[in-house]
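Peer 1: generate a structure from the sequence data that follows.
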Amino acid sequence: MSFAQLQISVVCLIVVISLDVMFIQRRNLPLMSTRFFKCLMIFVTANIVLEILQAMGEHTVFEMNSPMDDFMQRLCMLTLLTAIYSLFMYIWTRIWGDRVDSPAKLILKNIPLAMGYACIILMPIERRVSEAGNAWHYGPAVEFTYYLCFVYMIITIALVATHSYRFHSGENQVIIIGILTWMLSSWTAAKYVEIAIPKIGSMLLMLFLYISSENPREYMKKNMLYVMNRYALVQVLMEAYRKRQHRYILIFIITNRSTNLYGKERMHIRDRLDRVAAFISQKNRENIYMLNDHSLCTIVRTEDDVERYRNMVMVNPDESLHNLKHTLALLEIPNYADDFEMALRILDYVSLEYAFNNSEKEIRIDNRVIDKMMYRAMVEDIVRKAAERREFEVYYQPIYSVNDKRIISAEALVRLKKNPTLGFISPEVFIPIAEEIGIVQEIDDFVFDEVCGFFLRGNLREYGIQYIEVNLSGNEIMDAGTAQRLRRHMAEHKISPSNISFEITETAYINDDGTALQNMFALQEIGSTFALDDFGSGYSNLNEILKMKFHIIKLDKEFVWNCLDPERPENIKMLDFCVSFMKGYGMQVLAEGVEDENQAKILEEHGVEYLQGYYFSKPIPEDEFIEFLEEK
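Peer 2: Below is the predicted model:
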């Protein structure tokens, strides 16, 4: 090896070692393909180091064709062949994982490698020096090894080309170019020993693979230091199922906020999750994965590992978990999920819905939970079909005015037509599903059109109905085009905007980017009003409420019932505070969930201006609502 070749080899070694260090320092996925990539890096590095040592010793330590010279050359060839085989197996496991091969495939994969090792060890090798002073080795062992390496490389290229769907877009092309570069540089170095490109090919291949396929950053969640992304989780689950491994998936879920996160609130939750992941990572070797905006998960092997995490997160939590309402869920695979797709469905259902609808601090996912998920899936299918066929109905629940001593309004509530299989499906079940799958706007538009038409068709003003309250979902109030769309609907129906009051929940706008405010102000300018629904059902930011200029604050029925609890008479003070505070800022107060005359009387005595509940009427369809008004 000439001095120029030696310099290039040293530069290639520096680049490869830099890749080794970057790869080792970062968290990697526990995949078989990752293990073969590590083998490839080790043996490429070893091969370059050995060739540099051999070149340096040719002129100082090793005599030509001496035992040491022979030994070093055989080591170089062994590391080269093993590196090429590792490359082949890396691609093989990227395509098929580590599933058990048939005996024929095992022989085809490994017998050539065994023959190559035997040839390198047993067959003769000699060294020659050209007139220019360039040395090279030749002989049956060298020729057979190079031919075998080329065969493995050609097969690897064929695998990548014929299974391109297993790789990211463009990744297969980068891999093929990298392998061809290695082949070309090796062939050139073998044929023209004076050309100084002996290790450029292997270095470029490692660089291409690292950047396109095995860069650990590809698996990290953006802007989160300790959390791997969902794609990484999918890869690990796929391999676990290919191996039929028994594993436990632990899910850490933040449940002190709504499932719908916007703007600053989403960033706040993400920051808290990153802090939790940092705390967990300091004490455990397992990777932490981002499941969704609320949840992290990790995969462990034994019940002891589960207990260790439970003690860390639930029993003796770190300060990063203080003032953070959270749930820990556990899924055992493959016992409760037949494949990785089913496992992901269960994880998403539990972390996005089940944990928020249940008060359990710890959830062991079993058939009971999975049955609920399957019911939810059936409801989703029904809701999709209902949206296509407009199989919804609008019911109306009267609202009583304490000052006017009569019904002056009603809340429009959507109902799904009774299903022959599942029967009645509550809006509390199907509305969140419609929001999640992106069809809630279709339902809201249907309800709004029905309300506008009914207000005019039913001559509701003749019965003293001043306006109808219509619910706006969080998705709608956060849509920049909502105000314009609703104004267009009202113009088409020739209904006055003052006949419509919109209800939104607090979680629909808290910490949003201003879109909700813009929609509200645009609709208020033309005469519509807004009511805040379900006040007291979650956390209530009074400062944010004051920004929104609500006409009415609707006290959640659970909040009302707690305030009226006869066993805790001191709770009535909270009702007095809320009523006084809201009135002080020019807002009116409505109490939901009024079920009897005594509740209505107490609420009226404490200054509540509007009452709604079964004491007056349950939600009823159009014709019954007209009959109700006629009777009153």
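Peer 1: helices or strands up against the helix ranked longest in the chain?
Peer 2: Longest helix in the chain by number of residues, with DSSP state H as the criterion: helix 67-96. Contact partners of helix 67-96 among helices and strands, from 3 or more CB pairs under 8 Å, 6 or more residues apart in numbering; DSSP states H and E: helix 32-58, helix 103-122, helix 140-162. Heads up, the C-betas are built off the backbone N, CA and C, glycines and all.
Peer 1: and the ones you listed: which comes nearest I95?
Peer 2: When the helices and strands packed on helix 67-96 are ranked by distance to I95, counting by CB to CB, first place goes to helix 140-162 at 6.2 Å.
Peer 1: the stretch 401-550 of the chain: strands as residue ranges?
Peer 2: For the stretch 401-550 of the chain, the strands defined by DSSP state E, counting those that start in this stretch cover 406-416, 467-471, 500-505, 529-535.
Peer 1: what sits up against the shortest one?
Peer 2: In this case it means strand 467-471. For strand 467-471, the external contacting residues (CB atoms under 8 Å, 6 or more residues apart in numbering) are 396, 399, 409-414, 444, 447-448, 451, 454-455, 460, 498-504, 529, 531, 533.
Peer 1: out of those residues, which are buried?
Peer 2: 396, 399, 409-414, 444, 447-448, 451, 454-455, 460, 499-504, 529, 531, 533 (16 or more other CB atoms under 10 Å).
Peer 1: can you give the domain ranges for the chain?
Peer 2: Following automatic domain parsing, the chain resolves into domains at 3-216, 220-365, 377-631.
Peer 1: could you dump those to JSON lines with mean pLDDT and distance to D371?
Peer 2: JSON lines is the format used below for the domains of the chain (pLDDT from 0 to 100; distance: least, CB to CB, whole Å):
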{"stretch": "domain 3-216", "mean pLDDT": "82", "distance to D371": "31"}
{"stretch": "domain 220-365", "mean pLDDT": "83", "distance to D371": "11"}
{"stretch": "domain 377-631", "mean pLDDT": "90", "distance to D371": "11"}
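Peer 1: next, give phi and psi for the residue most central in space within the chain.
Peer 2: Centroid-nearest residue in the chain: N292, 3.5 Å away (criterion: CA atoms, centre = their mean). With angles defined as degrees, to the nearest 10, N292 sits at phi -160, psi -170.
Peer 1: quick check: bridge partners of it?
Peer 2: Beta-bridge partners for N292, by DSSP bridges, are S295.
Peer 1: quick check: it vs L344, distance?
Peer 2: For N292, the distance to L344 (CB to CB, to the nearest Å) stands at 11 Å.
Peer 1: what is the burial count for the residue lying closest to I431 once chain neighbours are set aside?
Peer 2: Once flanking residues are discounted, I431 sits nearest to V440: 6.8 Å by CB to CB, 6 or more residues apart in numbering. Using other CB atoms under 10 Å, the number of residues around V440 comes to 23.
Peer 1: and the gap between V440 and A531?
Peer 2: As for V440, its distance to A531 is 19 Å (criterion: CB to CB).
Peer 1: actually Y146, sorry about that
Peer 2: 80 Å.
Peer 1: circling back to that earlier point, so the longest helix of the chain versus helix 140-162, what angle?
Peer 2: Computed by axes from the mean of the first three to the mean of the last three CA atoms, to 10 degrees, the angle separating helix 67-96 from helix 140-162 equals 20 degrees.
Peer 1: buried residues of helix 67-96, list them for me.
Peer 2: For helix 67-96, by 16+ other CB under 10 Å, it's 69-70, 72-94, 96.
Peer 1: mind listing the helices for the stretch 451-600 of the chain?
Peer 2: With DSSP state H, counting those that start in this stretch as the criterion, the stretch 451-600 of the chain has helices at 474-477, 482-493, 515-525, 542-547, 557-563, 572-584, 597-605.
Peer 1: enumerate every residue touching the residue lying closest to I407 once chain neighbours are set aside.
Peer 2: In space, and not counting its chain neighbours, I407 is closest to P398: 4.6 Å by CB to CB, 6+ apart. P398 sits next to I407, S409, A410, Q612, F616, S617, F625, F628 when contact means CB under 8 Å, 6+ apart.
Peer 1: so the fifth one: helix, strand or coil?
Peer 2: Pointing back at F616 there. coil (DSSP: H, G, I helix; E, B strand; the rest coil).
Peer 1: roughly how far does it sit from Y336?
Peer 2: From F616 to Y336 the distance is 46 Å (CB to CB).
Peer 1: sorry, back to before: I'd like the helices of the stretch 451-600 of the chain laid out as a markdown table, including distance to Y117.
Peer 2: Listed next are the helices of the stretch 451-600 of the chain as a markdown table, based on distance: least, CB to CB, whole Å:
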| stretch | distance to Y117 |
| --- | --- |
| helix 474-477 | 63 |
| helix 482-493 | 70 |
| helix 515-525 | 66 |
| helix 542-547 | 71 |
| helix 557-563 | 74 |
| helix 572-584 | 80 |
| helix 597-605 | 87 |
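Peer 1: return the most buried member of the ones you listed.
Peer 2: Comparing these by mean neighbour count (mean count of other CB atoms under 10 Å), helix 474-477 ranks first with a mean of 22.
Peer 1: how near is E380 to I437?
Peer 2: 6 Å.
Peer 1: more neighbours, those two?
Peer 2: Neighbours per residue (other CB under 10 Å) separate E380 from I437, with E380 holding more: 16 against 12.
Peer 1: close enough to count as contact, the more buried one and P432?
Peer 2: No: the criterion here is CB atoms under 8 Å, and E380 misses it with P432 at 10.5 Å.
Peer 1: show me which positions of stretch 227-241 end up buried.
Peer 2: V227, M228, A232, L233, Q235, V236, L237, M238, E239, A240, Y241.
Peer 1: for the first one, which non-adjacent residue is spatially closest?
Peer 2: Here the nearest residue to V227 in space, its sequence neighbours aside, is K221; by CB to CB, 6+ apart that works out to 4.3 Å.
Peer 1: contact partners for that neighbour?
Peer 2: V227, M228, N229, M290.
Peer 1: want to try a markdown table for these, with distance to F550 and secondary structure as columns?
Peer 2: Below are those laid out as a markdown table (distance: CB to CB, whole Å; DSSP: H, G, I helix; E, B strand; the rest coil):
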| residue | distance to F550 | secondary structure |
| --- | --- | --- |
| V227 | 38 | coil |
| M228 | 42 | strand |
| N229 | 39 | coil |
| M290 | 36 | strand |
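Peer 1: going by distance to E525, which of those residues wins?
Peer 2: Using CB to CB, these come closest to E525 at M290, 41.2 Å.
Peer 1: any figure for the gap between the closest one and A337?
Peer 2: 19 Å.
Peer 1: before we move on, what about N499?
Peer 2: For N499, the distance to A337 (CB to CB) stands at 51 Å.
Peer 1: repeat that for E214.
Peer 2: From E214 across to A337, the span is 28 Å (CB to CB).
Peer 1: give me the more crowded residue out of M290 and A337.
Peer 2: Taking other CB under 10 Å, M290 and A337 do not tie; M290 has more neighbours (24 against 21).
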